[in-house]
Each structure stands twice: as structure tokens, then as C-alpha cells.
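J.: Provide a 3D model corresponding to the input given below.
(chains A and B)
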Amino acid sequence: MFPGQFEYHRATSIKDALDLLKQFGDDAKLLGGGHSLIPMMKLRLAQPAHLIDVTKIAELCAIGESNGKIAIGAAATHDTVANSSLVRAKLGLLAEAAAAIGDVQVRNRGTIGGSLTHADPAADYPAAALALEAEIRLDHEGGSRTVKAADFFLDLMTTAVQPGELLTQVSCAPIPSGTGYAYLKHPHPASGFAMVGAAAIVTLDRNGKFATVRVAVTGLGPKAFRANAVEAALAGKAADAATITAAAAKSADGIDALADIHASADYRAELARVYVRRAIQAAVARAKA
Amino acid sequence: MAVVPKFVGARIKRREDPRLISGTATYVDDVRLPGTLSAVVLRSPHPHARINSIDAAAARSAPGVVAVLTGEELKGKVGGIPCVAPAEHIPFHPLLAQGKVRFVGESVAVVVATDAYKAQDAADLIEVDYDPLNAVSDPEQALADDAPILHEEFGNNLVTRALIPNPAVDEAMAKADRVVKFRIKNQRLAPVPMEPRGVLAQWHQANGQLTVWTSTQIPHLLRSALAAVLSLPENRVRVIAPEVGGGFGAKLNFYREEALIAHLSRMLGQPVKWIERRRENLATTTHGRDQITYLEVPVKNDGTVLAIKAKFICDMGAYLQLLTPAIPGFSGLMMTGCYKIPAMSFEQVMVFTNKMATDAYRGAGRPEAAYIAERTMDMVAAELGLDPVAVRRRNFIPKEAFPYVTCAGLVYDSGDYDAALTKALEIVDYPKARAEQAEALKHGRYIGIGVASYVEICGIGPSVMLPPKVPGWESATVRMEPDSRVTVLTGISPHGQGQETTFAQMAADAFGVDIDDVTVVHGDTAIVQYGVGTFGSRGLSVGGTALMMSVGKLQDKLKKIASTMMEAPPDQLTFTNRTVALQSDTTKAIPLQAVVDAAYGWKMPIPGMEPGLDATSVFEPSGCTFPFGTHVAVVEVDPETGVVKFLRYVAVDDCGNIISPLLVAGQVHGGIAQGIAQALYEEVVYDENGQLVTATLMDYAAPRAQMLPHYELAHTVTPSPLNPMGVKGVGEAGTIGSTPCMVNAVMDALKPLGVRHIDMPLRPEKLWRAFKDAKKA
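T.: Here you go, the predicted structure:
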């Protein structure tokens, strides 16, 4: 496993990172935890001439609360997110998704910005980001823009990030009290990625009917997605088992499911239906608690 | 009054572990010699192709490159890789492909450069012009008339055919109430040791000597093979197995790279190193299993099994490694398991396919056999509507029958199969578990209880069981040094088994010294007398017996000398607390050091006695040992997802007397992990064109801790009469018991669906489909 030759740059600030990006253009790759990029480089499937390490930029590692939102720096590791008391208290779904990623070693190095930018179709974070309606900040020379999670994932390993842009922050409104949530995944037996992962956020009105419901699925298709048909089937309905089951049955509708030796497209679609149902049920139980 | 052993039988922590868990152990890659060059092997992306030409000009002139070699350039300079097991067709096995490639990953060229990065850069510049050929990856297709032929000189893809006929089997078929027939598969597995293979070779030009550090289980056998392939005198070749991070049988072999790197060092006059990468490990280190078995089992309605008839199709891969065609034999010979089945017959068809060679993998033929025997018991029970436990008890060899000669001619040394089964069932509370299972089913929950009573072969030898160049004996030298510390040189080559601990326990008790007074040395052919190696759960029962023979020789000498100093007969002396003492009264003693001083002194106390304290012994066992046990698993299968949840896992293993309980537990734990992984997760997959699908650990599902149950371990103790310690061996037991146990449990859970058998690995999708199909029906 010997990567081709490359030059390593440790960016000291966001500006520094953007300058380096501008300088090296397409020859450069941003380096987070490196758990996807480095193996690709070792197999020489990726051969960037320059690596710009953004994990030592202090402001990218911070997690804080401002303007009523929880903001997570792009270089925060999965372990940091999973164990942040702020995230656990106010964005429990994101903490659950972070804790479900890979293993301890992966969580100690992998970063939220790296994971979202890589947009592996089986990554855990995208489902949580979609369900939380996260806002993703992309900085470029002289400015920044914010992209909604729903507009961020474009296709297999393809995102809204443009050349010269650096994902700097993920922010979400805190999950209000009385809201139930759950992230459930069926791990791939070899890679540990989500064969299917389902995120659900639910609030119930005083009659026990769905007031808000947001459901997102990862692992099933080329990109994570909001299960709009499921949400529509639940909106305003009673949160009972039959309703949830009938709605969850639409989880894979219109999705061209992935397949490998461990799970065919049919089976993945069924897993999506089952895990979506269970995630909604778990979220409902928590909303009631 | 006998001295109570202090270390043998005690829960001693492994003495190897501090260096392993602190990262201070020395593996091949940690050996750094000045001026070492790095090698990278260029490998075939094709399962089967003709090599028209190789253009290495750009690579040869790339920065840092010292040499590039192809198969053509090796012709006439080095020999091929040997297969020592007999077979009808043994092809020439080159170090680098010649004319054709026959599996994905086959070595085609090697680049040597000043570092591995430059070597890889240069390897990327080599252009190989391939003419792709049709490939065959299904062993049942390999003998079809239109199958592509791997080795044209043989005219077909047959490796060899073994036929063990028996007219008694046909008679049994005729008088049976019914004949249970089924087909089962032991899928192809990758051993995946934590440390991949690696080789460092250093040619000493001045004296024509070669030193090779390699991650191997058999340094001495490898030295012999290397010397032959390189045409070097054996006394000029030194093989060192430094720390070896697991082998599982995959390093009981002699690989192309071991010869290639040694040849390169000799050619270039500089040290050369090659470290296998994980992708290479999955593609080019031997695989295990890959047997399809068609079974016919005549039975009586009461569950008595009258015979077993089997046809095996065994996938050998593209070339034959050291023991490749020898492995299936064990599966055939052991397939009657713990049962007094009066007759058996089998046919084995071994074939070439466009895949990596198979060879030994933890259990080597016996897991396949136990899987056959234990699936047979459950299939018979299902067919006859009997409890699988009752069927086992009806057919068990009774404990009075040992030593028992099986219908295959094997002599089982000792056993009490019902005791292990009974103990396992007690621990799991079998009647209660069955009641809970029935109750759960009423609520739509599918619980399964699986039982597997296995017996296997350990302590491999004797020599007649093995091919001529892989003998079955083992050696040990024991020295008491002038300061009365003990050095043990063992011919086995532990690589995780922990004999630095067990052998020290045994030697320390024997001489009445502390365990820290004993050093166990292994794995260096220049230091240790010729030995055979570590495989087939033979380290303790064969290597340990050689050790105790040498210990006994030194004890005798020490006692004789002490007897003149104490004026007591030698046979009334014992060793305790660093003294030589009277057995009847250990307070009457002289320091061991005084006796050692005398042995090494300028004047031996006994005229004519050789000075020094050094003894070497070789033990040739009279037979194998046959450890056994019963594993019981309780699982629940989720009908919506097919996911298997573990409720209980009980393992009762009988490996005879136990020297080191923690080591036994460790072996059982690791064994069960690999066995369950075969049942549920692992499979090397080649597609129908011969392309390797499970090329990385992102695809090949090696088990992680959270994918395994909590183990409840217990033992029965039935000593072996074949060695003085009464031990049997435990290195492979867990693997052998757990695979059929887990499959039986899952199939038991699916029994209400009318499902009898699903081939491994029992991926959730397969189980989900079984529920789905049952719903449809």
C-alpha cells in the first residue's frame, strides 16, 4: 500500500486552507481524518499532488451554540461529536449517528466535514444531517455560502461543494424538547458502513398525531435522501403501528437500490422499510416519554 | 510425597503478551538492515490470460530501481514451489508467471528499488500485453468438456481423484429404513492473519550464506525447501521466524515470494525486503475449505446411522501449494465424527480452478468433516422427527469402546462424548431452552438451539500420516545453564499459541525453579535443532513431549550427581524450591546450584560422566490425539431482517489435561470466533469469470468482537494415553465445534418454516428470503 508522491500542507487557518486550495487547484485534496482518501491513495485510485490537512485549524474543531443554532466545526471528529455534551443534549440524533460510525479508531480520526464532503452513499452522517435539516457552510476566497442538507447531496459521492470551497461548519437548530428521534442502522458486515441507516425525528400533537415528522435514509441508493413519501403518509395521522407500517412501506419507493455480495437491491429495500419503521417507532416512543 | 506442581495447571498470564500489547515485538517488517532494498510484486488483474509480452524498459530506468525480473528471466535459475502431497497432476509452480497467468493476483514481475514507493512507481510503468482467456471459477464446472483448461499439459483440470470404496456401504443402503440425501458446501475462506506475510533476505557474499526472515509456521521445513529451490547447501541457509502475527495454517507453507526475495538478495548482493499488503494477502495467501459434499446416509427409523457415503468436489485453485491436495483426505476420514457408524465410503474429485490455491486453514479438513457429521445428525433428526440430541446419543461411540478403531481405520485414543454433551446441555438447561423456544414461537419469535458434538485430530503426526518431507515428529533441547537457569530450544514455531508460557510452566515445575528462570527459544534454524513446526494442534502434545523427554534426561543426570553429594539413591530425589531434595522429606535438600556447579565444574563427581547439562530429544508419536466436545448455541432469527441474535453460546471442550487454563480459553475464544465467522459471515467470492470480489476487508467480512456472542466455557477432562502429560491439543477445537453448532442453531430456528438446509455463510439476506418464501408458500 504505497501512495504516489504528494506534498503535505498543514493549513493553520481557514484562509490559509483556501489560499492553498487556490494555489494548487485540482492537484490538491483536502485531508480530514483520511479514512476514505488515504486508502484510495494507497490503492493509487487517487493520486493528488498536494494534501491540505485542515484538521489542525482550531476554529474548525470547535462545537458551540450561536444565534440559536448548534454549530459544529468541520474538523470535529466523530468521537468528539458523539461525546459532546452540547450535541448530546441538543442534537441527540447527530450524536447517535456519530456513535454508530465505524469503530473507535475510525471515530477518533474521521471528521464530520470529511464524511459529508466524501458523500459515501453508505455513510451515517448524511441521514442525520437530512433529518435535522442541517445547514452546511462552504467558505471560499472572500466569502461563504450556506447550503441546506437537502441541496447538498447531489449523487454518488457528489456534493454541492465547488472547486475552491471548503466545508467549514455544520449547523442545526436544536431538537426541541418533546421531540423524539432515532438513528438505527444495519451495519455492513465487512465495512461497518450502513447497509441501511434510518433517521427519524418526530413530534406529536396533544392527540397523539404526527405534528412534525422527518425521515431520512442512507445506504439504500446512490445518495442519502429524505423519505418524502413516508413523511407525507404520516403527516397529521395517528402515531399507531398500522399507520407507521403502511407509511414505512414507501421507504424505498422510486429508489434505485445498491447491491453487493452481502445484500441485493431487494433485500436492501426491505431493510429500509423495516429500519425506517423501527426508527419512527423508536422516535415516537421517545416523543411520548 | 510428590511435589505439587506450582505452574502447570495454574492460570498463568501469557509471557508473550507484554511485548505484543506494548508494540515492542519484532515482526519481519521491524527487522531493519542497512542497505535494504524493497521489492514490489506486479500481479495479474486477469484470472486467466496468455502473456504475449512484458515491456519493463521504463520501469528499469525509473528512479531508484535496482532490478526488474519477469518469469522468463527466472527460467533455469531457480526451481518451482513444491507440493509434497501426492496427486495425479502436479503442475510446475513458478515464482513468476511463465507464459500464462492463472488467477487474479498471480505474480508476474518483481521490481526492486531503494524504497517501496519507488518500486511501486516503477511497477506501475510495466506494460504487460495479456490475451485474456476464459476462466473457470466453479469447481463443479471445472471438469466439463468445454471448461477452459488451466494446465494444458494435463488435458483437463483434474488434480487427482481419490476413491475409498466399501461394499458394506451399499449393503447398509439396502437394509436402511430410509436414506437421507443432501448437498452441503464448506465455502472458501481467507485466513486473514493480523500480520500478513513478509520476507527479508540477506545474502552474505563472503561465505555464501543466506539468512531469511519470514513470517512462517515452519522455519526448518522452509529452510529445506528454500535450499532445494535455490540449489544451496542446507547448512548455508538460515531461516528466522521472528514474531509471527498469526498463521492459522496459511503460513504452514512455502510461498513464491520467499524464494523470490531470497533469490533477489543473492543476485543483487544486498538485503531485500517484501511485505505483503492486505490486498495481496486476500488474493495470494492460501485460502481454506472450498469443498462441496454430496451425502447419502442410510438410517433406521430409530435414528441409527448405518453408513455415510460421500462425494466431494474439492477446489484446489490454480496451483498446488505445499499440502494442497492432502487437506481433503482429513475431511473424508473424519466424517463419521463421534459416532459408531459401521461403514463409510467416499470419492474425492480435486480440481484446478482460476483461483488462489487452497491449503490448511485452522482445522485443515477436520472442520469440513465435523460440519458433515454434525449437519448429518441434524438432517437425520429432522427427517425422522427426532430430537437432535437423541440422535447423537443413539450413535455415540460409548466411552467403554476406547481406544476405538473407526470404520475409516483411525484409532481414537480416548473419549467420553456423552459426558461433554451432558455437561453442555446442563449448562444451557436444554429442556428449559426447548420450552422457551416453543413459547417464543407462539409469539412469532424464531429461536433456535444448535448442538454440535465434534471430535477432531490433534497432535499431528505420526510421520506416516504426513507426506515424506513434512514429518510428524518434534524435537526439543533443554539446557540448564551454569547459573541454573533453563533454556528450552523447541522445534515447533509458536506464532500465537503461547508455548513460551506453557513450556516454561512445565520446565519450571520439573526442575523446581521459577517460571522466570526458563527461557523458551524457537524459530531460528541457526540456534534451534531441526524441528517440524507448529500446526495441527501439535505444539504441546508432540513438541511438549519432546521437551519432557529432554527434561527427564537432565533430571536423571542431576539426580545422579546429587545422589553422590547427598548419599541418597537418585530415584528418591525430587526438585523443589531450587533444591534437589529427598522425596520423603523435602527439608533434606541441597541447592540446585550446587549440583549444577558440580555438573559444569572442573571435576565431575562421577568419573566418566560428560560435563554439562544439555539434552536433545525427538518425539515420534505413536498416534494422533482426538480431542472432542459439545458446543450449544441458542439464537434468535429476526424474521423481518434475517439478522441472527445470540442468546447463549456454551462450549464444553475436552482437550485432555490442561497445562495452562488461560491459554486454553484464549484458543477456544479465537477458534469459536473463526468458526462462527464461517457459519455467518465469511466467504471468499470469485465471480463466474474468476474475478476476486472480496479483494479488501471492506468486502471480506472478517469478524469483529461485536459480531460474536459471549462465550460460556467449560471442560471435561479425558486424558490422552499417548503422551506423558495426558494432553490432546486445543488450537483448532473451537473452530471445529462452532461452525456446525451455529448453523444447526440457525436451521433449528428456521425449522417451523420447513427449511432443512441453507449453505454458509448464513447471511441475513438468505434467512430473510427463507421467511419470505415460506410466507408465499
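J.: Tell me which residues are up against whichever strand or helix holds residue B:615.
T.: Element membership of residue B:615 [criterion: DSSP states H and E] is strand B:614-619. Under the criterion CB atoms under 8 Å, 6 or more residues apart in numbering or on different chains, residues B:473-480, B:529, B:542-543, B:545-547, B:549-551, B:553-554, B:557 lie in contact with strand B:614-619. Every C-beta, even on glycine, is put in place using the N, C-alpha and C of the backbone.
J.: C-alpha coordinates for the next helix or strand after that strand, PDB please?
T.: With elements assigned by DSSP H and E, the helix or strand that comes after strand B:614-619 is strand B:628-637. Taking C-alpha atoms only, strand B:628-637 is exported to PDB below (Å, rounded to 0.1, in the frame of the first residue of the first chain):
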ATOM      1  CA  PHE B 628     -13.700 -33.600  21.400                       C
ATOM      2  CA  GLY B 629     -16.500 -31.600  22.900                       C
ATOM      3  CA  THR B 630     -20.000 -30.300  22.500                       C
ATOM      4  CA  HIS B 631     -21.000 -26.700  21.700                       C
ATOM      5  CA  VAL B 632     -24.500 -25.500  22.200                       C
ATOM      6  CA  ALA B 633     -25.800 -22.200  20.700                       C
ATOM      7  CA  VAL B 634     -29.100 -20.500  21.300                       C
ATOM      8  CA  VAL B 635     -30.000 -17.900  18.700                       C
ATOM      9  CA  GLU B 636     -33.000 -15.900  17.600                       C
ATOM     10  CA  VAL B 637     -33.500 -15.000  14.000                       C
END
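J.: Please list the residues of the stretch 1-150 of chain B that sit near chain A.
T.: Proximity of the stretch 1-150 of chain B to chain A, by CB under 8 Å from any CB of the partner chain, involves residues B:40, B:116-117, B:119-121, B:124.
J.: now, which of the residues you listed lie within helices?
T.: Using DSSP state H, the members of the residues of the stretch 1-150 of chain B next to chain A that fall in helices are B:116-117, B:119-121.
J.: okay, the residues you listed in a markdown table with pLDDT next?
T.: Below are these laid out as a markdown table (pLDDT from 0 to 100):
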| residue | pLDDT |
| --- | --- |
| B:116 | 96 |
| B:117 | 96 |
| B:119 | 98 |
| B:120 | 96 |
| B:121 | 96 |
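J.: Who wins on neighbours among these?
T.: Neighbour tally across these (other CB atoms under 10 Å in any protein chain shown): the maximum, 29 neighbours, falls on residue B:119.
J.: still on that earlier bit, which pair of the residues of the stretch 1-150 of chain B next to chain A spans the longest distance?
T.: Largest separation among the residues of the stretch 1-150 of chain B next to chain A by CB to CB: B:116 and B:124, giving 12.7 Å.
J.: list the residues that contact both of those two?
T.: Counting by CB under 8 Å, 6+ apart, nothing touches both residue B:116 and residue B:124.
J.: ok, residue B:75 - how many residues close by?
T.: Neighbour tally, residue B:75, other CB under 10 Å: 11.
J.: so what's it up against?
T.: Taking CB under 8 Å, 6+ apart, one finds residue B:98 in contact with residue B:75.
J.: Name the residues of chain A found near chain B, please.
T.: Residues of chain A found near chain B (CB under 8 Å from any CB) are A:1-5, A:43-44, A:103, A:186, A:189-192, A:260-264, A:267, A:270-271, A:274.
J.: In helices, which of these appear?
T.: Those of those lying in helices (DSSP H): A:267, A:270-271, A:274.
J.: out of those, who's nearest residue B:89?
T.: Using CB to CB, those come closest to residue B:89 at residue A:267, 41.2 Å.
J.: wait, that closest one sits on residue B:763?
T.: No: applying CB atoms under 8 Å, one finds residue A:267 not in contact with residue B:763, separated by 9.0 Å.
J.: Let me see the domain layout of chain A.
T.: Domain assignment of chain A by automatic domain parsing yields the ranges A:7-53, A:58-172, A:180-288.
J.: list the contacts for the residue of the stretch 601-750 of chain B at minimum distance from chain A?
T.: Distances between the stretch 601-750 of chain B and chain A by CB to the nearest CB are smallest at residue B:701, namely 3.8 Å. With contact taken as CB under 8 Å, 6+ apart, residue B:701 is in contact with A:189-190, A:262, B:677, B:681-683, B:761.
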